[in-house]
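# Mind folding the following:
(2 chains)
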Number of protein chains: 2
Amino acid sequence: MTASVAAAPSTVAPFGSRLAAAFDARGQLCVGIDPHPYLLNAWGLTDDAAGLTDFGLRVVDASVGYAGIVKPQVAFFERHGSAGFLALEQVLSAARAAGLLIIADAKRGDVGTSVEAYGQAWFQPGSPLEADALTVSAFQGVQSLAAPIALAAASGKGLFVLAATSNPESEATQTAIISRGPRAGHTVAAGIVADVVDENQNQRTDGSSPDLGSLGVVLGATVNFTDYGINLDSLAGNGVATPILAPGFGHQGAEFEQLGALYGAASALAIVSVSRSILTAGPHEIAGAIAVQAKAVFQWRG
Amino acid sequence: MTASVAAAPSTVAPFGSRLAAAFDARGQLCVGIDPHPYLLNAWGLTDDAAGLTDFGLRVVDASVGYAGIVKPQVAFFERHGSAGFLALEQVLSAARAAGLLIIADAKRGDVGTSVEAYGQAWFQPGSPLEADALTVSAFQGVQSLAAPIALAAASGKGLFVLAATSNPESEATQTAIISRGPRAGHTVAAGIVADVVDENQNQRTDGSSPDLGSLGVVLGATVNFTDYGINLDSLAGNGVATPILAPGFGHQGAEFEQLGALYGAASALAIVSVSRSILTAGPHEIAGAIAVQAKAVFQWRG
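Reported below is the predicted structural model:
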């Protein structure tokens, strides 16, 4: 802990640049690491920390060479408490060593020093839970996420803010009409998208940002974006593009050939997240399933 | 793991009944367990898992006899990864053994099997992270929480759904006007309150619920509820009352003598959550600070 170490600037490229490189090298497929109890059983693994570790490491191994991005669903690790988090740390470490980009799907959110602590947990270089990006919830306002956004910018990390998710129970809240503040008249979902797009532009004025921003939004593939008041063109335009984490393909109903139709001008910005329809291939067939789906996503990009 | 054990019904009373008993025995004060790095330092503890454990155990010890409810802020434990969660498990275990009600402040939220897994992590009897209640976010809809709500009901646990929180950045989202579905015309915050109140009434029709429901809402003390379209009378009425987790006292600005004025008919339902203004008393003075504040809350209840 010398002063020179503490003062050293981050040598890691911004998350947006690293994401763009992953897109170029391996395409837009993101492989979910979702150790459901039923999948552990189907894979012949135990529903405990050892099973979680084995499952996660196998998905990492199978992804290498075929996909550039993995997304562990933290809930399935948290289900086993500290032992589950230790398993997750081993999976994160292996994915990092393999050069995969990691989006920790934790949907964290809070305010003040609490949300700052979540940022430190997932972004601080050397933290046992260090990932490349984190999914977050902005129920308490995008501005409540200022501390982790700043830490992400300082350490080459990214955030994906939930905006329009793929489950039907979300609709009432996410289409509610903002009546106060600078986003009045927007839907909640569109207000979040606008805040994130603006934040990416703001980071660019620092002269340090890439063409692809480090802050993204979660926009589910099953959502009608026009109906939600979301202008997808705003994500692609203005110099810095805003990446999209796109769940809803495969098991949830959207098909890869719809990618261009669903996301339009923003379809090249979409991280196509697939979990169940890959993971049900089982431990022996999963690498093949990833290869086939990565190719299918590439074929249908916008 | 015999069939008779697996089939045994929960012998734990509903969370609402246990909360009512805690109110009767010890009043409405809830002591936050928030091991901020600056507090660890002020207490002469290390910023690591050992420091977290020591801090948490001291707060538990100091609460016994003076307060009935504790609320660990999970973010500060997560900051240290699996080692931090192991520390949290030790704190939870000590609080449980001491007969304190535990509200895990984790603000979890997701959909489908993922949110079900969060419920299992925090509610399943015997889980290492077992608590009595959990704070949750309904950005994806109160209905997205159906699985953990059902598990809570089956195992005597409770949930507190974020509705109107105490930070100013929340206002735009939480006052947005719902335009679709059964809550059209309500604000987002009021729609969540109505959903939670209804859910408490639904659980009562099963014949198993107490006068105080097991589902609560988070309503910050610094919020103008009328301005948010929230009818506090709806929480107190209709046979089953809905508990409130009430942050915003102390450091955040609200004072105990405002309790009745702020929460009106619902002020007897409010869990008055205080963290920083207790914890800054330090390890030697904290029990006294808890005693003084518990008495002050009692004096000003509605």
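
# contacts, neighbours, all on C-alpha from now
Noted.

# Residues of the stretch 151-300 of chain A that sit close to chain B?
Contact residues (Cα under 8 Å from any Cα of the partner chain) of the stretch 151-300 of chain A with chain B: A:165, A:167, A:169-181, A:183-184, A:187-188.

# what about the helices in chain A?
A:3-7, A:15-26, A:37-42, A:49-63, A:74-78, A:81-97, A:112-123, A:146-155, A:171-174, A:188-204, A:233-236, A:259-263, A:276-279, A:286-299 (DSSP state H).

# next one: the fifth one to chain centre, how far?
When C-alpha coordinates are averaged (Cα atoms, centre = their mean, to the nearest Å), helix A:74-78 and its chain have centres 15 Å apart.

# what's it in contact with?
For helix A:74-78, the surrounding residues in contact (Cα atoms under 8 Å, 6 or more residues apart in numbering or on different chains) are A:34-36, A:49, A:52, A:84-85, A:87-88, A:104-106, B:114-115, B:117-118, B:121.

# any idea of the mean pLDDT for it?
For helix A:74-78, the mean per-residue pLDDT is 98.

# for the first one, same thing?
When the per-residue pLDDT values of helix A:3-7 are averaged, the result is 38.

# swap in the third one?
When pLDDT is averaged over helix A:37-42, the result is 98.

# Poorly predicted segments of chain A, please.
Applying pLDDT under 70 to chain A picks out residues A:1-10, A:205-210, A:238, A:301-302.

# Quick test: name the residue nearest the centre of it.
The centre of chain A sits closest to residue A:103, judged by Cα atoms, centre = their mean, with a distance of 4.4 Å.

# if we can go back for a sec, now which of the residues of the stretch 151-300 of chain A next to chain B would you call buried?
Burial by neighbour count, judged by 16 or more other Cα atoms under 10 Å in any protein chain shown, picks out A:165, A:167, A:169-179, A:183, A:187-188 from those.

# How about the contacts made by residue A:251?
Here residue A:251 is in contact with A:276-277 (Cα under 8 Å, 6+ apart).

# Now with 6 Å, please.
Counting by Cα atoms under 6 Å, 6 or more residues apart in numbering or on different chains, residue A:251 touches residue A:277.

# returning to that earlier point: pretty sure the residue nearest to the centre of chain A sits against residue A:134.
Yes: using Cα atoms under 6 Å, residue A:103 makes contact with residue A:134 at a distance of 5.4 Å.

# which residues are common contacts for these two?
By Cα under 6 Å, 6+ apart, no residue touches both residue A:103 and residue A:134.

# Now do the closest residue to residue A:158 other than its chain neighbours: how many residues are near it, please.
Of all residues not flanking residue A:158 in the chain, residue A:133 sits nearest, at 4.3 Å (Cα to Cα, 6 or more residues apart in numbering or on different chains). The number of residues packed near residue A:133 is 25, by other Cα atoms under 10 Å in any protein chain shown.

# State whether residue A:133 and residue A:156 are indeed in contact, as I suppose.
No: using Cα under 6 Å, residue A:133 is not in contact with residue A:156; the gap is 9.1 Å.

# neighbours around the closest residue to residue A:122 other than its chain neighbours, how many?
Nearest residue to residue A:122, sequence neighbours excluded (Cα to Cα, 6+ apart): residue A:130, at 4.6 Å. For residue A:130, the neighbour count with other Cα under 10 Å is 23.

# Residue A:140 too?
26.

# ok, now residue A:240?
Residue A:240, neighbours per other Cα under 10 Å, totals 22.

# before we move on, back to that, just the buried ones from the contacts of helix A:74-78?
Applying 16+ other Cα under 10 Å to these flags A:34-36, A:49, A:52, A:84-85, A:87-88, A:104-106, B:114-115, B:117-118, B:121 as buried.

# what's next to stretch A:23-38, contact-wise?
A:67-73, A:76, A:271-275, A:294.

# same thing with stretch A:101-119?
Residues from elsewhere that reach stretch A:101-119 (Cα under 6 Å, 6+ apart): A:69-74, A:131-137, A:144, A:147-148, B:75-76, B:79.

# cool, stretch A:225-244 as well?
A:175, A:190, A:211-213, A:216-218, A:265-266, A:269-271.

# Could you identify the most distant pair in those?
A:175 and A:211 (29.5 Å; Cα to Cα).

# count of residues packed around the closest residue to residue A:42 other than its chain neighbours?
Spatially, and ignoring its direct neighbours in sequence, residue A:42 is nearest to residue A:282 (7.2 Å; Cα to Cα, 6+ apart). When counting by other Cα under 10 Å, one arrives at 17 neighbours for residue A:282.

# go on, residue A:11?
9.

# Next one: it relative to residue B:100, how far apart?
47 Å (Cα to Cα, to the nearest Å).

# what do you get for residue A:47?
Taken as Cα to Cα, the span from residue A:47 to residue B:100 is 30 Å.

# same question, residue A:289
49 Å.

# Looking at the two now, which is surrounded by more residues?
residue B:100 (22 against 19).

# and that one, what are its phi and psi?
Dihedral pair for residue B:100: phi -80, psi 140, per degrees, to the nearest 10.

# for residue A:275, same thing?
Residue torsions, per degrees, to the nearest 10, at residue A:275 are phi -120, psi -80.
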